[in-house]
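J.: This is a predicted model, with the sequence first.
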Amino acid sequence: MFEENENITRLNLDGKEFILIGTAHVSKQSADLVKEVIEAEKPDSVCIELDEPRYKTIIEGNKWKETDIFKIIKEKKATLLLINLVISSFQKRIAKQFGINAGQEMIQGAESAKEIGANLVLADRNIQITFARIWEGVGFWGKVKLLTGIFVSIFDDEDISEEDLEKMKSQDMLNSILKEFTVNFPKLKVPLIDERDQYLSQKIKEAPGTKVVAVLGAAHVPGIKEELKNDHDLARLSQVPAKSKALKVIGWTIPLLIIGIIAYTFIANPAAGVQQTLSWILWTGSFAALGTALAFGHPLTILTAFVVAPITTLHPLIAAGWFAGIVQAYLRRPSVRDFENLSEDVFSLKGFWNNKVTRILLIVTLANLGGSIGTIIGGADVVRLLIENWK
């Protein structure tokens, strides 16, 4: 039996022994601990906090050159991929600082499982499902705060000492971090932490054999320790949430209301109707174009965002960023080298903006965000002009 330490939790439930190893995803000590525990315990199964796509990426290497950027935009996955890249860059930057691979403890878990002949269980939920559930649950201003917070934290150049990294694995430190996290983004805790605790615990419970070692990010250990006592529906936790009917109604009602107000004003006062139309075009088009310009889009891409935004903002199923992103991709099509350089370019703000792939993703995201802000301001101005003309 491995000598106990603060990063190992043992549980015995329903005739099975579970050994949970709490790790920091960029810690050399964590990878060493994983190897030592698995070799000493010789479990029947080893569970690691990875899903199949992330595991294949690690094992097979980055296959960015096979990515179809047009398909990503059309499937509305540009922003989710951008968030994924940004979060990954944070881990990779710290890992590079300490001369290790991000997720090395998970790689070590897979290798050690193979060495002792244990079953390898990929226990985490698909990351795209997690991001989708996060994105759909935070609302518009939550998305703005999330994107802002992520970018600020990623491009902070302050180094983290390995001692601080190890302190992150203590239960008290984790609880304080989690508390601060949920205060800033309370709606994120459910899909990012709670649901994944439930998913991971169920996969760990279902792992073959009577002794199971689970390699987990330390933030999940307290929750999984409790959730192992309960049963969870993996199918339910794997569903991508459908937009609520209320949001769909609102999504169609607001554009129809704007169109109705402008049409009514045209009938009552054509000059005021023209003023409303120009206001709508200028606010929505300008903010979408501004977002595209901030991402250093091609001039024709910026013009595209300006032209399509007044129309796309009146249709809930299309967005200015998609058109701007597709135009940018045609004008500045990413090369194989751009995809291959992603893992290095995401380390810096300059690299993020210079790489053609991340620039397209930024254009889609910022053009859509700008169009949404323009919709709010433009809609308010249309109503203001209506009220003024009633007087």
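T.: Alright, I've got the coordinates.

J.: so where is the stretch 201-350 of the chain shaky, pLDDT-wise?
T.: 242-248, 336, 340, 342-344, 346-349 (pLDDT under 70).

J.: Please, where are all the strands along it?
T.: Using DSSP state E, counting those that start in this stretch, the strands of the stretch 201-350 of the chain run over 211-217.

J.: can you tell me how far the nearest residue to D44 once chain neighbours are set aside sits from K56?
T.: Nearest residue to D44 in three dimensions, chain neighbours excluded: G209, at 2.1 Å (CB to CB, 6 or more residues apart in numbering). Glycine gets a C-beta too; all of them are placed from N, C-alpha and C. Note on G209: its distance to K56, by CB to CB, to the nearest Å, is 24 Å.

J.: quick one, what contacts K16?
T.: By CB atoms under 8 Å, 6 or more residues apart in numbering, the contact list for K16 reads 205, 209-212.

J.: Do you know the pLDDT at it?
T.: Per-residue pLDDT puts K16 at 93.

J.: That one bridge partners, please.
T.: L13 (DSSP bridges).

J.: From S238, how far off is it?
T.: 24 Å.

J.: pLDDT averaged over the top helix by length along the chain, what's the number?
T.: Secondary structure assigned by DSSP state H gives helix 356-390 as the longest helix of the chain. Here helix 356-390 scores 87 as its mean pLDDT.

J.: How about it, which residues are buried there?
T.: 356-375, 377-379, 381-382, 385-386, 389 (16 or more other CB atoms under 10 Å).

J.: centre of the chain versus that helix, how much separation?
T.: 23 Å (CA atoms, centre = their mean, to the nearest Å).

J.: thinking again about what came up before, number of nearby residues for the residue nearest to D44?
T.: Using other CB atoms under 10 Å, G209 is surrounded by 13 other residues.

J.: before we move on, what about the one 3 residues further on?
T.: Burial of V212, expressed as a neighbour count using other CB under 10 Å, amounts to 26.

J.: Next: K225.
T.: Counted with other CB under 10 Å, K225 comes out at 16.

J.: residues in contact with it?
T.: Contacts of K225 (CB under 8 Å, 6+ apart): 9, 11, 20.

J.: Among the residues you listed, which ones are in strands?
T.: Those of those mapping onto strands are 9, 11, 20, per DSSP state E.

J.: most surrounded residue in these?
T.: L20 (25 neighbours).

J.: L216 is in contact with that residue, correct?
T.: Yes - the pair L20 / L216 is scored as a contact, 6.0 Å apart, by CB atoms under 8 Å.

J.: Let me have the ones in strands among the contacts of K225 in a markdown table, extended by pLDDT.
T.: Output for the ones in strands among the contacts of K225, formatted as a markdown table (pLDDT from 0 to 100):
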| residue | pLDDT |
| --- | --- |
| T9 | 89 |
| L11 | 91 |
| L20 | 94 |
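
J.: what's the spacing between the nearest residue to D338 once chain neighbours are set aside and G321?
T.: Closest residue to D338 apart from its sequence neighbours, by CB to CB, 6+ apart: K356 at 4.6 Å. The spacing between K356 and G321, counted by CB to CB, is 16 Å.

J.: in the stretch 51-200 of the chain, what spans have low per-residue confidence?
T.: 57, 60-68, 75-80, 83-102, 137-187.

J.: again, only this time at 80
T.: Along the stretch 51-200 of the chain, the model assigns pLDDT under 80 to residues 53-54, 56-104, 128, 131-132, 134-189, 192.

J.: Do I have it right that T210 meets E17?
T.: Yes - using CB under 8 Å, T210 is in contact with E17, at 6.6 Å.

J.: Compare those two and say which is more crowded by neighbours.
T.: E17 (16 against 12).

J.: Provide a list of residues in contact with the residue nearest to that one when sequence neighbours are not counted.
T.: Closest residue in space to E17, ignoring its immediate chain neighbours: K211 at 4.8 Å, by CB to CB, 6+ apart. Taking CB under 8 Å, 6+ apart, we find K211 in contact with 16-17, 19, 41-45.

J.: what's the answer for D51, then?
T.: 122, 124-127.

J.: how near is it to D124?
T.: 5 Å.

J.: For E6, the count of nearby residues, please.
T.: 9.

J.: picking that back up, name the member of the contacts of K211 with the most neighbours.
T.: P43 (24 neighbours).

J.: quick one: contacts for I69?
T.: So I69 contacts 329, 333-334, 357, 360 (CB under 8 Å, 6+ apart).

J.: okay, among the residues you listed, which ones form the most distant pair?
T.: By the measure CB to CB, R333 and V357 form the most distant pair in the contacts of I69, at 10.2 Å.

J.: Alpha carbons of stretch 325-339, as PDB, please.
T.: Extracted in PDB, the C-alpha atoms of stretch 325-339 (Å, rounded to 0.1, in the frame of the first residue of the first chain):
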ATOM      1  CA  GLY A 325     -15.400  34.800 -40.400                       C
ATOM      2  CA  ILE A 326     -16.100  33.100 -43.700                       C
ATOM      3  CA  VAL A 327     -15.000  36.200 -45.700                       C
ATOM      4  CA  GLN A 328     -11.800  36.400 -43.600                       C
ATOM      5  CA  ALA A 329     -11.100  32.700 -44.200                       C
ATOM      6  CA  TYR A 330     -11.400  33.200 -47.900                       C
ATOM      7  CA  LEU A 331      -9.200  36.300 -48.000                       C
ATOM      8  CA  ARG A 332      -6.700  35.000 -45.500                       C
ATOM      9  CA  ARG A 333      -7.000  31.300 -45.600                       C
ATOM     10  CA  PRO A 334      -5.000  29.600 -42.800                       C
ATOM     11  CA  SER A 335      -2.100  27.500 -44.000                       C
ATOM     12  CA  VAL A 336      -1.000  24.200 -42.600                       C
ATOM     13  CA  ARG A 337       1.700  26.100 -40.800                       C
ATOM     14  CA  ASP A 338      -0.900  28.300 -39.000                       C
ATOM     15  CA  PHE A 339      -2.600  25.200 -37.600                       C
END
